[in-house]
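Engineer: No letters, just coordinates:
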């Protein structure tokens, strides 16, 4: 892996070129921002997750804020650099939905565009009103299969960790 | 890693969640589509490269076409599924150029928009004419540093392989 390069693709891959990291970013964009929730939904081990979160922080993608003091627990939030990654996640979603799905799986997440109140579609512009899609103008509605899948992962996590 | 999921991000990562694979896709989008050229510019070992190319083919991202018969040699071309990945590469480029570069590095590649003849900028729409950017309407102009970097990799490869 070339570390000394001016190529933005190669550089981006030094930060996000890891599938676990991409799943963590997906979760943070979904508002799932505590360690246990991330563990449940990514199905990473605590060690793998902790290493990725540490690297994301070192790369300036996330910051942590305590939400509990005894014991000390943190929430992870995307920085401006992390939030600016949203168009990549949106483009990956569009490509994945179009090219990597089975016929009966349905949309994992429907995005409602607050700007016009309609289904935003796959982007990068709103299929209903044509405006560019920004993360803070979108509401996520989970499809039934993705909702079930996530509930099952939460349940399995609770069973695993007692 | 969850293999049984309807999530398009998780699914996409089963195909492209590897930094070498992303570098190979970058090269194919740049028109560098033979094994030795890919080896030179990704700096992957022949084994690593062959494994990624095989997987890209199995995932329906690339196809190979012989360009020489004795010895038999192939060119790798993006399929429709592979070409549809362009918006992700474009979004990664925009994010990487904006958030991962040093001040003096300059743009790695300038994209000229054939539609209007002007600099397309970072997308997803043309900064000059506002139209959405499609790969077949863009010409790539390598920046001086990226050009030097690529020439050095080609030279190092030729030295390595005699």
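Structural biologist: Received, thanks. Quantities reported herein were computed from a predicted structural model and do not represent experimental measurements.

Engineer: shaky segments in chain A?
Structural biologist: Along chain A, the parts satisfying pLDDT under 70 run over A:1-3.

Engineer: top helix in it by residue count?
Structural biologist: helix A:144-161 (DSSP state H).

Engineer: in it, what's buried?
Structural biologist: A:145, A:146, A:149, A:150, A:153 (16 or more other C-beta atoms under 10 Å in any protein chain shown). Bear in mind the C-beta positions are built from the backbone N, C-alpha and C, glycine included.

Engineer: Quick one: these as JSON lines, columns for distance to chain B too.
Structural biologist: Formatted as JSON lines, these follow (distance: C-beta to the nearest C-beta, whole Å):
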{"residue": "A:145", "distance to chain B": "5"}
{"residue": "A:146", "distance to chain B": "5"}
{"residue": "A:149", "distance to chain B": "6"}
{"residue": "A:150", "distance to chain B": "9"}
{"residue": "A:153", "distance to chain B": "8"}
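
Engineer: how about CSV for these, with distance to residue A:60 added?
Structural biologist: Shown next, in CSV, are those (distance: C-beta to C-beta, whole Å):
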residue, distance to residue A:60
A:145, 35
A:146, 30
A:149, 31
A:150, 28
A:153, 29
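
Engineer: tell me the phi and psi of the residue nearest the centre of chain A?
Structural biologist: In chain A, the centroid-proximal residue (C-alpha atoms, centre = their mean) is residue A:26; its distance is 0.8 Å. Main-chain torsions, residue A:26, degrees, to the nearest 10: phi -50, psi -50.

Engineer: And for residue A:68?
Structural biologist: Main-chain dihedrals, residue A:68, degrees, to the nearest 10: phi -150, psi 140.

Engineer: If it is in a bridge, with which residues?
Structural biologist: Here residue A:68 shows beta-bridge partners residue A:73, assigned using DSSP bridges.

Engineer: For it, grab the count of nearby residues.
Structural biologist: 10 (other C-beta atoms under 10 Å in any protein chain shown).

Engineer: how much space is there between residue A:13 and chain B?
Structural biologist: Using C-beta to the nearest C-beta, to the nearest Å, one gets 4 Å for the distance from residue A:13 to chain B.

Engineer: swap in residue A:128?
Structural biologist: 17 Å.

Engineer: got a list of what that residue touches?
Structural biologist: Residue A:128 sits next to A:113, A:116, A:118, A:119, A:120, A:121 when contact means C-beta atoms under 8 Å, 6 or more residues apart in numbering or on different chains.

Engineer: Chain A: strands as residue ranges?
Structural biologist: With DSSP state E, the ranges of strands along chain A come out as A:62-69, A:72-78, A:109-113, A:118-119, A:138-142.

Engineer: close to chain B, is the shortest one?
Structural biologist: It stands for strand A:118-119. No. Strand A:118-119 is not in contact with chain B by C-beta under 8 Å from any C-beta of the partner chain; minimum separation 15.8 Å.

Engineer: For residue A:119, give its distance to residue A:149.
Structural biologist: To residue A:149, residue A:119 is 21 Å away according to C-beta to C-beta, to the nearest Å.

Engineer: Could you do residue A:59 as well?
Structural biologist: With distances taken as C-beta to C-beta, residue A:59 is found 29 Å from residue A:149.

Engineer: With residue A:132 instead?
Structural biologist: Going from residue A:132 to residue A:149 by C-beta to C-beta gives 30 Å.

Engineer: Ok, residue A:27 next?
Structural biologist: 13 Å.

Engineer: Right, I'll call it a day here.
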